[in-house]
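Colleague: got a sequence here, can you model it:
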Amino acid sequence: MKLSVKGMPINKAVANIGRSIVIKGWIHRKRSSGGKMFAVIRDVTGTVQCVIDKGKVGEKGWASADSAYLESSIIVKGIPRRDERAPGGVELDVEELQVVHSGEQFPITEYQSAEFLLDVRHLWLRSQRMINIMKARAHIFRYARDFLDKKGFYEISPPLLTSAGGETGASMFEVQYFDQKVYLTESSQLYAEVMVPALERVYSFAPSYRAEKSRTTKHLAEYWHLEPEMAYFDNSKSMALQEKLVSSIANRLGKADEETVKHFGVSPESLSGIRPPFKRLTYEKAIEILNDKGDKKKWGEDFGVEEERLLTEGEKLPVFVYNWPREIKPFYMPVNPKDDRTVLCADLLAPNGHGEIIGGSERIWKLDELMERLGEVETTQHVKFDKEKYSWWIDLRRYGSVPHSGFGMGIERVIKWLLNLDHIRDAVPFPRMMNRIKP
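Modeller: Residues are numbered from 1 along each chain as shown. All right, here's what the predicted structure looks like:
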């Protein structure tokens, strides 16, 4: 056969019972018994078991298939037939085959350690597990964009290098930029805010970087960050948008990716059941719940993995915790006029121990209020802001400022939750963690 022969995706090929078809893929598994070989061939759409009969394909065809290692690329011509004993209920009787590239013996076998699989991530991405995660990831990206596009948002393209030091500057990666020091961005929020007076509703979908020395199952040093900003939205309206966005992504994943989510033991019906409204707890109420459950927390303390787990225990839907203490939240969050101990913000916690997936707030839009808040945070949180580096962002409060809100969604955390993954490293093709920078 020639490489130019047109192939058919496996998921369509198996429906052509009794017709001669061609598939192009990779050898996923194989075993021989006498003069027959059973080879499971995969492509991006699925797998099919092929029966290679030595008498049909000849000595040359048999020899090439027999010597081919797992993950060799192959072109197969044959006739599908139903067989309930075969994986998927269909087998393909091979008429002709061509091993395109046999290569070398594949280094991944069963029962490898997590560290080894990270070392050979460039090869492990071919596994059925990772293929299904990456397909779901691509679809989740699209579902998120589709939702916001239909709500009248414009996607913007912020820089990933910035002179501004983020929320504190303490958790950022410093980079040499010609003759000055700059940072890899930890959030595109400030640049998205610039676009609000121009386009009103915007979002960026780009990498963010955090230099936190964390080894938890939900932290990455490099992750994809979906960050919408909306003119004339208050915190309540922002939370309503967030729960609709999350529900839309989950519902579409459950409906359009049914077989993919089943691969991870996730019920498509459970995803279809994720619908607003989500439970909303004030920070104060959350403290009460944690204390009642034996996790003694004081006002002003942040929540960790265990607290997030306890607050969502028994819940099927995510839970909002809103109006957090002002002393533990960033400088751009306005003080709550009904309780000046708190700021107008919210975190969205996913159930089943998956924790925070979104953080959002109203943004301070008045110049005098912003300068006062900056001074307060410098004093209470012991950080120093170089206001000159923020001058362009502060300027927004001088020229036609409007009330606005925004939020940031960590897309890998959403993937981890929706597919019920044990570790966030599997939600991204090439995880970057404090002890991992390759491949």
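
Colleague: next SSE after the worst-scoring helix or strand of the chain on mean pLDDT?
Modeller: Least confident helix or strand, the chain: helix 367-380 with a mean of 91, by mean pLDDT, DSSP states H and E. Downstream of helix 367-380, the next assigned helix or strand under DSSP states H and E is helix 391-394.

Colleague: what helices and strands are in contact with that next one?
Modeller: Judged by 3 or more CB pairs under 8 Å, 6 or more residues apart in numbering; DSSP states H and E, the packing partners of helix 391-394 are helix 189-199, helix 367-380. All C-beta spots, glycine's among them, are computed from the backbone N, C-alpha and C.

Colleague: most tightly surrounded among the ones you listed?
Modeller: Of the helices and strands packed on helix 391-394, the one with the most neighbours on average (mean count of other CB atoms under 10 Å) is helix 189-199, at a mean of 19.

Colleague: out of the helices and strands packed on helix 391-394, the one nearest Glu388 is which?
Modeller: helix 367-380 (12.7 Å; CB to CB).

Colleague: which residues sit against stretch 378-397?
Modeller: 163-165, 168-170, 190, 193-194, 197, 327, 331, 364-367, 370-371, 374, 377 (CB atoms under 8 Å, 6 or more residues apart in numbering).

Colleague: out of the helices and strands packed on helix 391-394, which is closest to His423?
Modeller: In terms of CB to CB, the element of the helices and strands packed on helix 391-394 nearest to His423 is helix 189-199, at 26.9 Å.

Colleague: contacts for that closest one?
Modeller: 154, 156, 158-159, 162, 164, 202-204, 227-231, 332, 363, 390, 392-393, 396, 399-402, 404, 406, 408.

Colleague: tell me the first helix or strand C-terminal of it.
Modeller: By DSSP H and E, the next helix or strand past helix 189-199 is strand 201-209.

Colleague: which strands or helices does the helix or strand just after that following strand pack on?
Modeller: Downstream of strand 201-209, the first helix or strand assigned by DSSP H and E is strand 222-231. Counting contacts by 3+ CB pairs under 8 Å, 6+ apart, strand 222-231 is packed against helix 128-150, helix 189-199, strand 201-209, helix 235-256, strand 404-410, helix 411-418.

Colleague: pairing partners for strand 222-231, with directions?
Modeller: Paired strands of strand 222-231, with direction, are strand 201-209 (antiparallel), strand 404-410 (antiparallel) (DSSP bridges).

Colleague: hang on, the earlier thing: distance to Phe430 for the helices and strands packed on helix 391-394 - can I get that in CSV?
Modeller: Converted to CSV, the helices and strands packed on helix 391-394 look like this (distance: least, CB to CB, whole Å):
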stretch, distance to Phe430
helix 189-199, 25
helix 367-380, 35
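
Colleague: follow-up on the earlier one: select only the buried ones of the contacts of helix 189-199 in ChimeraX?
Modeller: Command for ChimeraX, covering only those of these found buried under the criterion 16 or more other CB atoms under 10 Å:
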select :156,158,162,164,202,203,204,227,228,229,230,231,332,363,390,393,396,401,404,406,408
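
Colleague: how does this protein divide into domains?
Modeller: Using automatic domain parsing, the domain parsing of the chain gives 10-101, 121-427.

Colleague: what's the end-to-end length of the last one?
Modeller: Right, domain 121-427. For domain 121-427, the first-to-last residue distance is 12 Å (CA to CA, to the nearest Å).

Colleague: for stretch 221-240, same thing?
Modeller: Terminal residues of stretch 221-240 lie 29 Å apart, using CA to CA.

Colleague: would you confirm that Met37 belongs to a helix?
Modeller: No. Applying DSSP: H, G, I helix; E, B strand; the rest coil, one finds Met37 to be strand, outside a helix.

Colleague: these two touch, right, it and Ile27?
Modeller: No. Under the contact definition of CB atoms under 8 Å, Met37 does not touch Ile27, with a separation of 10.2 Å.

Colleague: follow-up on the earlier one: columns mean pLDDT and distance to Leu344 on top of the helices and strands packed on strand 222-231, output as TSV?
Modeller: Below are those laid out as TSV (pLDDT from 0 to 100; distance: least, CB to CB, whole Å):
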stretch	mean pLDDT	distance to Leu344
helix 128-150	98	22
helix 189-199	97	15
strand 201-209	97	19
helix 235-256	98	4
strand 404-410	98	8
helix 411-418	98	23
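
Colleague: Pro351: which of the ones you listed is closest?
Modeller: Per CB to CB, nearest to Pro351 of the helices and strands packed on strand 222-231: helix 411-418, 7.8 Å.

Colleague: which elements pack onto the closest one?
Modeller: Using 3+ CB pairs under 8 Å, 6+ apart, helix 411-418 sits against helix 128-150, strand 222-231, helix 235-256, strand 345-350, strand 355-363.

Colleague: if we can go back for a sec, dump the domains of the chain to JSON lines, plus distance to Met434.
Modeller: JSON lines is the format used below for those (distance: least, CB to CB, whole Å):
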{"stretch": "domain 10-101", "distance to Met434": "31"}
{"stretch": "domain 121-427", "distance to Met434": "5"}
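
Colleague: out of the ones you listed, which comes closest to Met433?
Modeller: Here domain 121-427 is closest among these (CB to CB), at 5.8 Å.

Colleague: figure out which of the helices and strands packed on helix 411-418 is closest to Ala86.
Modeller: helix 128-150 (16.6 Å).

Colleague: and after the closest one, which helix or strand comes next?
Modeller: Assigned by DSSP H and E, the successor of helix 128-150 is strand 154-156.

Colleague: tell me which other helices or strands whatever helix or strand comes next after that following strand touches.
Modeller: Counting by DSSP H and E, the next helix or strand C-terminal to strand 154-156 is strand 161-162. Judged by 3+ CB pairs under 8 Å, 6+ apart, strand 161-162 is in contact with strand 180-184.

Colleague: what comes up buried for the strand it packs on?
Modeller: 182-184.

Colleague: now swap in stretch 328-346 and tell me
Modeller: Under the neighbour-count criterion of 16+ other CB under 10 Å, stretch 328-346 has 329-336, 342-346 buried.

Colleague: what of stretch 127-143?
Modeller: Buried residues in stretch 127-143 (16+ other CB under 10 Å): 130-137, 139-141, 143.

Colleague: could I get those residues as a markdown table with distance to Ile52?
Modeller: Shown next, in a markdown table, are the buried residues of stretch 127-143 (distance: CB to CB, whole Å):
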| residue | distance to Ile52 |
| --- | --- |
| Met130 | 27 |
| Ile131 | 24 |
| Asn132 | 27 |
| Ile133 | 31 |
| Met134 | 29 |
| Lys135 | 28 |
| Ala136 | 32 |
| Arg137 | 34 |
| His139 | 34 |
| Ile140 | 38 |
| Phe141 | 39 |
| Tyr143 | 40 |
